[in-house]
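Peer 1: Compute the structure for the input listed below.
(2 chains)
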Amino acid sequence: MIEVENLCKSLTLGEQTLNILTNVNVSVAAGETIAIVGKSGSGKSTLLSLLAGLDKASSGHVRILGQDLSTMNEDGRAAVRKQHVGFVFQNFQLLPHLSALDNVMLPLELTGDSNAKIKAQSWLEKVGLSERLDHQPNQLSGGEQQRVAIARAFACEPDVLFADEPTGNLDEHTGEKIEDLLFDLNAQLNTTLVLVTHDETLAKRCQRQVHLIDGKLIETVTSAATNL
Amino acid sequence: MKHHQVFLLACKHWFNDLRSSEKRLLIAATLLAALSMSMISSFSDRLSRTMEYRASELIAGDLTIFSTRELSADYLSHAQSLGLNTSSALGFSTMAFANEQLQLVRVRSVEDNYPLKGYNQVANGFYADANTQTQLIQKAPALGYVWAEERILQKLGAKLGDSVEIGNAVFVVNKILQQDADRSGSLFSPFGRLLMNYADVPKTGVVNQGSRIWYKQYYTGKEDALADFVDWLKPQLNKADKLAGVEDSQNNVGNALQKAQQYLSLASLISVLLAAVAIALCAKRYSERHYNTAALLRCLGASSNQVRNIFIYKLSFTAIVGAVLGALLGFVLHFALLQTVADILPKDLMPARILPVLISLVCAALVLMLVAMAPILNLNQVSPVRVLRRELAPQSVKANVFFVLAVGIMLALAYLLTGSIILSVVFVVGLAILLLVYGVLSSLLLKSLMKVQRFLPPFLRVGLSQLERHQYYARSQVAAFAFIFTSVALIWLVRGDLFEDWQQQVPADTPNHFAINILPDKKVAFEQALSDKGLAASEFYPMVRGRLTHINGVNVDDIYPEDDAPNALKRELNLTWSSHLTEDEALSKGQWFDENSVNENAISMESELARRLKLNIGDSITFNIAGTDTVTKVKNFRDVKWENFRPNFYVVFADGVINDFHHTYINSFYLPPTESRWLIEMNQQFKAVTIIEIDQILKQVREILTQTSVAVEAILALVLICAMVLMFATLLSTLSLRKHEAALYRTFGASKSMIRARIRSEYVTLALVASALAIASFESISFALYVFIFDVSWMPHWSLWIGVPSLALVSILISGFWANRDVLNASPRQLLQDIS
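Peer 2: Next up is the predicted model:
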């Protein structure tokens, strides 16, 4: 599903070159769940942004379903994201002026789906928010907002779901519920899940964990735990 | 995603986004720009068309042709074939005879359909008679009847219903002519006017070969047909034929009205500019607030074109809603404005047109689109990575094209509103320079204040340190506020000057009567009679009639072929002498008379006539007075205020040069209308004196000035509203920054009152610094205007030195605390949530 080959990302600050990612190589199979684990500043979010085609690598290749993102321009990568990718963010990234329903409809509308409203309603029901369709994000709790974000992420039934610290802004109890929801839906749809976190417990719910230290992928652990 | 789906998505987002303060301000600013343009242009369109119509009433048609030779009948037939209405007139001077008395009269004979426009004002008795009733009628005298001015009848000792002989025919005078529909001709002619039917002229036998006759044709009709007629006519006209439209008709109020319309247009333009600056500020903040939306849309797979289109559609909806609402509201408000001044407006006001509304709508929408386009296009540059890293801001797009287009549309607007290319360019370029200067000056001012801050009171120090922390915003806020206050102060100043100018023109005791033909031996007695009655009278000016015959020894007939000569050379001029300038005159060139002036027969020429005759100081001018040639030398040129309702003269001689010629005196005085019966006594006591009353003309002037003043006040109010919106937009531009700070302060334990005090200090400092800049630039501009353009002495405007800071403090504090009410009232948790 995802193949990463000699991926590098560096930034030039004045005369200094800062290497954020160095020669990262990893493959993710279809339906696999993988956690990218590392401390703050280790390059996790940068790796996620490159895997999802949000940013361009300095060198190396990222392929999603065989399509090489590194040879595409931003609009080409956007088209790949639209077709195959879903996102869940730490800070939810809901549009404040839209209702829960409209937020979930957004990716469906971007793909030109004529049943956007029905699908969005159905997904909100699945995440337990059928009574909150018309609520705006500021009328929802953190956990509810993340449920809306998860409904939005799965609404297009993506091949790959990228989750960036999905429970990072939530308390432990709510976090656990969100984790359960995320992994449940993922299992139902057999979506490939790439999860970025510094939370080892959350990481262990994934089939594989890759560790990033100072921009280098230094080990790969296959977890005994299942995502259940 | 298909294009129509992008459109629908943009629609949905636009509606959902209506609650945002930036969107509302953008709509408000566009609405105000459209409202201001629509209200003023609809109002002035109707007013100017009505004025044009009324001006055409003053010449009794839309178009006239005047000639001292017979006019071609082809003119009439061609005009009629184009569907125009026509009417002919013929005029001559002749003697009228009644009661054994002879009197020279100016006859205008007119066809039955005269006047094509306007009215003849007639009365059924003498002015002083309490039972006299005035009537406006749109017809000519019937066959066998004439209408005569009161002074003719008084000279002839006749009354209404009496017969007068003109040439071989006898006519009955059945109406007193107070005002002829065609007002052309001198008010101060010593001979009265008489109106008769055109068909009666042959039986008088007065018009023969060689008689001094003038011919006139009047035309009215639709604008297109008139334009076609003029195009056809111009090549056909003989040299003697003078074509005149309403634009050529001069009246006392023309100047004041023109100034007022220019003022309205400029004020309207300023309100549009204030709205445009508000739009620019709002659009920047609106764009910044949507970086996250753009990033998320990109992240979810929208292409850059789709993101751009979504935001351009949203901007277009804002433009359309703001512009349509504003233009319609402006159109409705122009009715309200007309309604409030209905009593003083003409009853037959021209109907409203949709064109000014449409133009305003399109212009306001274009202003928003062009000014806001650059910040909106920035959204297209937002990287999708921003969903992970909020600090990523897009690179600003190059906005030169839109800037040039925005300046272009401003120029077009300025031209549309002022009708002058030079004024438009000066205005727009001047404004751009002003804004640039404000940017630099505000930066310098803030830096210098920082250096001396230890000498300032504590609250100003706090305010300054707040401003220093956000230098970029502080600079633009100071510049924006200074611009607002300078604009308002300038509009205020010009308004005051206009009102003063108009009040001076027709003060309450403006003379409403002229007395002419006062013989020298009656002068003292007449003066005494006025003084006994307690009337304020103007000076008594001696008047000698003479014809200008030679310039530098060359006969004027040789310089100007008969048909090209200025009017002043075609008729006898009223000449006077004086040893001093009156308060309404000013020397424009040369020296005033001295002790040698009598010996060199010095004269003073009115500067406009001198320009038309291409005269220089020292030129010799010959006048023929009572058959005697008097050679004079031009000593100086004088500017004359013609619209002051006092006797004015083209040529003033040095005292002693023409004093020995037969002369009479002229003066003007104010007689309350309730005292008009006193004129009967005066007529009996001073039989030779002719008294002309001009109450009607004065009333008309006052009415027009009053209605214009109301319009000026209305536009001032509109400018103030636009200024408030801009002020709000300016204050909102730092709202998120302020929220962030307040959230942190509150979290660390600062009380609401402490935050309120900090905000107050900052706004007070901002108001004072912006006021200082506004006063400095306002005084510089007014100095330049007064000294270099109006050529009048300049004085600092002390009232504004107090007024501007007071206005600044009150308005900035009120709108500032209103804009910041969330910052002060919300809990720290809410604030932190908002900024996250």
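Peer 1: Check chain B for the residue nearest chain A and tell me.
Peer 2: Nearest to chain A, among the residues of chain B, is B:Gly301, at 2.5 Å (CB to the nearest CB). (Each C-beta comes from the backbone N, C-alpha and C, glycine too.)
Peer 1: burial count for that residue?
Peer 2: Burial of B:Gly301 is recorded as 26 neighbouring residues (other CB atoms under 10 Å in any protein chain shown).
Peer 1: What residues does chain B have near chain A?
Peer 2: With the criterion set to CB under 8 Å from any CB of the partner chain, chain B comes near chain A through B:1-2, B:5, B:8-9, B:12-13, B:16-17, B:19-20, B:292-293, B:296-306, B:383-385, B:387-389, B:833, B:836.
Peer 1: change it to 7 Å
Peer 2: Taking CB under 7 Å from any CB of the partner chain as the contact definition, chain B meets chain A at B:1-2, B:5, B:9, B:12, B:16-17, B:19-20, B:293, B:296, B:298-304, B:384-385, B:387-388, B:836.
Peer 1: Buried subset of these, written for PyMOL?
Peer 2: Command for PyMOL, covering only those of these found buried under the criterion 16 or more other CB atoms under 10 Å in any protein chain shown:
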select buried, chain B and resi 1+5+9+16+17+20+293+296+298+299+300+301+302+303+304+384+385+387+388
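Peer 1: got the buried residues for stretch B:599-611?
Peer 2: B:600-607, B:609-610.
Peer 1: Equivalent analysis for stretch B:463-477, please.
Peer 2: Within stretch B:463-477, the residues scored as buried using 16+ other CB under 10 Å are B:463-464, B:466-467, B:470, B:474-477.
Peer 1: Among those, which lie within helices?
Peer 2: Secondary structure from DSSP state H places B:463-464, B:466-467, B:474-477 of the buried residues of stretch B:463-477 in helices.
Peer 1: could you pull out the strands for chain A?
Peer 2: In order along the chain, chain A carries the following strands (DSSP state E): A:2-13, A:16-28, A:33-38, A:59-64, A:67-68, A:85-88, A:160-164, A:192-197, A:208-213, A:216-222.
Peer 1: Tell me which of those lies nearest to B:Asn555.
Peer 2: Smallest distance to B:Asn555 across the strands of chain A (CB to CB): 90.7 Å, for strand A:2-13.
Peer 1: Give the buried residues for that closest one.
Peer 2: For strand A:2-13, the neighbour count (16+ other CB under 10 Å) marks A:2, A:4, A:7-9 as buried.
Peer 1: Same list, those residues, but only the ones touching chain B.
Peer 2: Subset of the buried residues of strand A:2-13 in contact with chain B: empty, counting by CB under 7 Å from any CB.
Peer 1: Which single one of those residues is nearest to chain B?
Peer 2: A:Lys9 (11.2 Å).
Peer 1: tell me the mean pLDDT over stretch B:317-325?
Peer 2: Mean pLDDT, stretch B:317-325: 93.
Peer 1: scratch that, stretch B:714-732
Peer 2: Here the mean pLDDT over stretch B:714-732 is 74, rounded to a whole number.
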